[in-house]
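Asker: Got a predicted structure plus its sequence, pasted below:
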Amino acid sequence: MLCHLCYADPDAMPDCPACRGTGRATRIPLCEDPWNEVVPGLFQGGHDVRSQARTCVVGDEFDLVISMVTRSGYGPADGVEHHVLRMADAAVDAGVAARVQSLAELAAGAVRDGRRVLVRCSGGLNRSGLVVASTLVALGHDVPTALELVRRARGPWALTNPMFVQHLRTLEPVRPD
Ligand SMILES: [Zn+2]
């Protein structure tokens with residue numbers, strides 16, 4: 001995992017106090033909130049939060065839910081559109097990339113239609129971040145902005161999987177006609 005302060009940026013890494021110049025993180029804390037709004041209508045979250053008092057069970061708060069991880073009893077409620085893509089927190093091969101892209105286009109279309117969309121994984125940091133950042137690119141944001149928006153919403157530990165960041169950097173922003 002990448003350091004949450006310098007993200008292994010060659011310019012910032014040598015003087016980084018968090019990773020002492022290695023560019024790597026050794027532990028990732030959980031988030032405080034079950035989910036956070038990244039841009040209007042687009043939420044990112046997970047199944048685990050820092051405080052056991054907070055629940056990550058999804059009811060009918062959202063119109064569309066995309067889950068990279070599912071757990072019995074965690075919703076969403078019956079009748080809510082729900083898509084599942086189980087994938088490892090690892091490299092993005094061509095098959096995974098294609099499925100992530102099709103979910104990102106689905107999510108972007110829903111956000112454009114004014115629907116509320118949740119993308120969730122375990123901690124709500126990396127796998128959900130991959131799909132949310134891809135959705136932001138499909139909505140017309142450039143890649144650095146997409147990374148920043150995800151980290152602003154979910155904290156600096158979001159998108160610290162270097163293989164996900166590497167994949168996201170290959171995406172071409174969609175320019176509206
Ligand atoms: Zn660092």
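Answerer: Done, it's in.
Asker: Which parts of the protein are helices?
Answerer: Under the criterion DSSP state H, the chain contains helices at 94-112, 127-138, 143-154, 162-168.
Asker: and of those, who's closest to Glu61?
Answerer: Proximity to Glu61, assessed across the helices of the chain by Cβ to Cβ, is greatest for helix 94-112 (14.1 Å). (Glycine included, C-beta is placed from N, CA and C.)
Asker: Outline the domain layout of the chain.
Answerer: Listed by automatic domain parsing, the domain ranges of the chain are 1-28, 31-168.
Asker: For the shortest one, measure first residue to last.
Answerer: By that I understand domain 1-28. Taking Cα to Cα, to the nearest Å, domain 1-28 runs 9 Å from one end to the other.
Asker: and this protein, which of its residues are near the ion?
Answerer: Residues of the chain found near the ion (Cβ under 5 Å from the ion) are 3, 5-6, 16, 18-19.
Asker: In JSON lines: the residues you listed, plus neighbour count.
Answerer: Below are the residues of the chain next to the ion laid out as JSON lines (neighbours: other Cβ atoms under 10 Å):
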{"residue": "Cys3", "neighbour count": "24"}
{"residue": "Leu5", "neighbour count": "15"}
{"residue": "Cys6", "neighbour count": "20"}
{"residue": "Cys16", "neighbour count": "18"}
{"residue": "Ala18", "neighbour count": "14"}
{"residue": "Cys19", "neighbour count": "19"}
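Asker: highest average neighbour count across the helices of the chain?
Answerer: helix 127-138 (a mean of 28; mean count of other Cβ atoms under 10 Å).
Asker: follow-up on the earlier one: adding mean pLDDT, write the helices of the chain out as JSON lines.
Answerer: Listed next are the helices of the chain as JSON lines, based on pLDDT from 0 to 100:
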{"stretch": "helix 94-112", "mean pLDDT": "97"}
{"stretch": "helix 127-138", "mean pLDDT": "98"}
{"stretch": "helix 143-154", "mean pLDDT": "98"}
{"stretch": "helix 162-168", "mean pLDDT": "96"}
